[in-house]
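**Q** mind folding the following:
(4 chains)
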Protein chains: 2
Amino acid sequence: MVRPPLTAQERERGERLGRMLREARGPRSMTEVAAEARVPVETLRKIESGRVPTPAFFTVAALAGALGISLDALVADQILTG
Amino acid sequence: MVRPPLTAQERERGERLGRMLREARGPRSMTEVAAEARVPVETLRKIESGRVPTPAFFTVAALAGALGISLDALVADQILTG
DNA sequence: GTTGACCGGGATAGGAATACCGGTATTGTT
DNA sequence: AACAATACCGGTATTCCTATCCCGGTCAAC
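**A** Below you'll find the predicted structure:
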């Protein structure tokens, strides 16, 4: 019954994910994208900044939908970059 | 500062996700798929059974990878079914 | 009758989601 | 120049939830 703390790699992976989402957002505002994804801005901010390294699946899915990017591509780039 | 409890819809969404993963697993054993995805079997079981309705993004990504299914398809079916 | 696969409950540590606050920088307005 | 609005950031606090383990039980196959 442990749930070990997140490793450094997992945190880095989260930071990469955040950077990808940030990049996909482009010139749009956080407020706009968050509203469209129906996710609180605070949550988007924490994910983009990597302060939430392992966000929930449906949260990322909603953001990817609002950003018009593919989840599979997100994971693929993740692997390529990581 | 609340984090409201999960709604009934969110739990149902989790159950649908679990059913889709279960279906994608086909005749393979949980043990085998979990090992390939590098996810503890207990975690896979809880997700498939819907007892963990909002699993982490990377967990689902790893399972989808081991199952050879697309995350986007998973979300799309989610919407269609939901 | 042991092995393998699945289930459900219980326990626990660590983290996600969310809200609020103050701060900074930019842009536009009067 | 002073001001307001907008966008973003970092920190803090709180509730609820996930990830993980352990255990006993069931059912089928061999």
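
**Q** what does the least confident helix or strand in chain A by mean pLDDT rub up against?
**A** Using mean pLDDT, DSSP states H and E, the weakest-scoring helix or strand in chain A turns out to be helix A:71-81, at a mean of 83. With contacts defined as CB atoms under 8 Å, 6 or more residues apart in numbering or on different chains, helix A:71-81 is touched by A:13, A:16-17, A:20, A:60-61, A:64, B:61, B:65, B:70-72, B:75. Any C-beta I mention is one placed from the backbone N, CA and C, and that applies to glycine too.

**Q** now residue A:24. Nearest residue, chain neighbours left out?
**A** Of all residues beyond its chain neighbours, the one nearest residue A:24 is residue A:67 (4.4 Å), with distances taken as CB to CB, 6 or more residues apart in numbering or on different chains.

**Q** just the buried residues from the contacts of helix A:71-81, in PyMOL please.
**A** This is how PyMOL selects the buried members of the contacts of helix A:71-81, with burial counted by 16 or more other CB atoms under 10 Å in any protein chain shown:
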select buried, (chain A and resi 13+16+17+20+60+61+64) or (chain B and resi 61+65+71+72+75)
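
**Q** let me have the contacts of helix A:71-81 in TSV, adding distance to residue B:44 as columns.
**A** Putting the contacts of helix A:71-81 into TSV (distance: CB to CB, whole Å) gives the following:
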residue	distance to residue B:44
A:13	20
A:16	25
A:17	22
A:20	26
A:60	19
A:61	19
A:64	23
B:61	13
B:65	13
B:70	18
B:71	16
B:72	21
B:75	19
